[in-house]
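Asks: I need the structure of the sequence given here:
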Amino acid sequence: MELNEYPGPIHSSVLYDQDNHVSSAVWDGQERGVLRCHEHTSMLDQWKLTPIQIKLVEKAGFGYLRLLPAMSLDNALIAALVERWRRETNTFHMTVGELTITLEDVALSLGLAIGGEPVIGPTSAPSLVCEKLLRRVPEDLNGGMVKLTWLKELFSECPEDAPVEEIECCTRAYLLYLVGSTIFSTTTGNKVPVMYLSLFENFDKAGKFAWGAGALAFLYRALGNASLKSQSTISGCLTLVQCWSYSRFNVGQPKLNQEPDNNCFPVVLKWKGKSSSRTKCSVASYRKALDSLNDCDVQWLPYKDIDLTAIPEDIKSSLILRASRTMLLCFDKAERHLPDRCLRQIGLHQTIPKDVQRWERKSRIVDHGVDLRGKMDLALKEWSERWLHIVEGGGDIADEVEYMQWYQKITRKYIGRVTSSLESEYQRTVTTMREIAKIADVVSAEGLGSYNRGLLDEVKNVVHRCLTEQLEEIPKDKMKRKGNRKRRQKDDLSMEYEPEQ
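Replies: The predicted structure is shown next:
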């Protein structure tokens, strides 16, 4: 690839919003670094649920989601993936074609229902909803949102002998906390919209919602927003994004202490508790790896060997919706689910997909007292007909060749420019010194004489000093670039290397 070769798209019929996409900024040398990832799962295990509460949580449809442990997010990997997300198509535009997170991924990874009622309903004044369903109202309800810390402080420990009404209030608070820290996490910090609380009034009815489809609609919107060059944060279920990537690409995968268990359900569990220490890379490193992907590097069907007996019947019976070309809803968010753009993910040959109708995304504060069902008739109609629009066929190998010829013209082929030889040499030098420093830090001095122990300390001091000097002295060719870019690169390197104390 030539240093200044145009990365595309050659035709803007599909990726019509390229000028606002983060890849345009990256190509112009305006690195934004890692994204701030908002997921608030670290305190979930501090909730003490009684057996009665656990049954209510399961009845509401979150029996599996509550079991998922907090996962350490790789912000740089997520940022590199977002650089390839396109909100025009709700897919990742990779070098080998389009891929996306489907309803199947949500169902199998998180154990959430994908075939029920849309996650949408009337919105009432937040204070009234809290008073009715929690029997308490927080002092600060700005923007119709409640603090997660407030929910935890007041409702995280429910006595087993508490009255039924108190048990139900504490359980609703937990469910609001659970969705607010995972599938519906926001970039506003430690808060969750009260509007979800109304869906937990009746636990049986709550269990009939397609929470997985709502989570995916929310995530699609979050990925789309984060893909704009003006953004620096991302929310939604980022654990799902990270594990989706682990299952498909050998990029950023943690080393496993044991083989993944194909009987594991939900699938996210196989990536937790088995990973050894991982050397995190920079956004630029992950970007280069994704820019270099070949077809053989992609696991198109990661669930082909999964034990079907481990999957609940209600989820298993709705997995065909992975191939439904439909609309996903989550209150005021409506996003298109387009599996015909990613046929290889359902075991079919890829053909040129249908054109995507431009869908106006409206980001607005939901009016209190408004029934959104009356404002989203088209999206609701598509969801109600989801079983009628299952993608079939898929052509043959000849069609796939034709697809790739078409795809090369409408996609963004790669994100980053080829680095110069001087810059590459500089990066290799820093990487080598960083590895030496890590080895020196973990070598045990036990059993060494004073002379050899002194030599080991000297090696550590020399390497650490040289690495510090490298971080402070950016090469001359970089000195000519914009100051803010130099600072970001230096910060990225500093984040990658943290010597042990």
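Asks: gap between Leu68 and Ile101?
Replies: Taking Cβ to Cβ, to the nearest Å as the measure, Leu68 falls 16 Å from Ile101. For glycine as for every other residue, the C-beta is placed from the backbone atoms N, C-alpha and C.
Asks: pick out whichever of these two has more residues nearby.
Replies: Legend: neighbour count by other Cβ atoms under 10 Å for Leu68 and Ile101, higher for Ile101 (25 against 22).
Asks: wait, that one touches Trp244, no?
Replies: Yes - with contact defined as Cβ atoms under 8 Å, Ile101 counts as touching Trp244 (5.2 Å).
Asks: now the strands for the stretch 301-450 of the chain?
Replies: Along the stretch 301-450 of the chain, counting by DSSP state E, counting those that start in this stretch, strands occupy 326-330, 333-337.
Asks: quick one, the first one and strand 333-337 angle?
Replies: Which is strand 326-330. For strand 326-330 against strand 333-337, the angle by axes from the mean of the first three to the mean of the last three Cα atoms, to 10 degrees is 150 degrees.
Asks: who are the packing partners of strand 326-330?
Replies: Contact partners of strand 326-330 among helices and strands, from 3 or more Cβ pairs under 8 Å, 6 or more residues apart in numbering; DSSP states H and E: helix 211-226, strand 333-337, helix 377-384.
Asks: just the ones you listed: most buried one?
Replies: helix 211-226 (a mean of 26; mean count of other Cβ atoms under 10 Å).
Asks: so what are the sheet partners of the very next helix or strand once past that helix and their directions?
Replies: Per DSSP states H and E, helix 211-226 leads on to strand 233-234 as the next helix or strand towards the C-terminus. Strand 233-234 has its sheet partners listed here by DSSP bridges as strand 36-37 (parallel).
Asks: what's next to the helix or strand just after the strand it pairs with, contact-wise?
Replies: Sequence order places helix 51-59 as the next helix or strand after strand 36-37, per DSSP H and E. Where contact means Cβ atoms under 8 Å, 6 or more residues apart in numbering, the residues beyond helix 51-59 that reach it are 49, 63, 66, 158, 160, 167-168, 170-171, 174-175, 178, 203-204, 206-207.
Asks: are any of these buried, and if so which?
Replies: Buried members of those, scored by 16 or more other Cβ atoms under 10 Å, are 49, 63, 66, 158, 167-168, 170-171, 174-175, 178, 203, 206-207.
Asks: taking the residues you listed one by one, which sit in strands?
Replies: Among the buried ones among the contacts of helix 51-59, the subset assigned to strands under DSSP state E is empty.
Asks: out of these, what pair is the most spread apart?
Replies: Cys158 and Gly207 (20.1 Å; Cβ to Cβ).
Asks: wait, Leu151 sits on Val179?
Replies: No - counting by Cβ under 8 Å, Leu151 sits too far from Val179 to count as a contact (11.2 Å).
Asks: identify the contacts common to these two.
Replies: When contacts are counted by Cβ under 8 Å, 6+ apart, Leu151 and Val179 have Val192 as shared neighbours.
Asks: let me know whether Leu321 touches Gly116 as I believe.
Replies: No - Leu321 is beyond contact range of Gly116, at 10.7 Å (criterion: Cβ under 8 Å).
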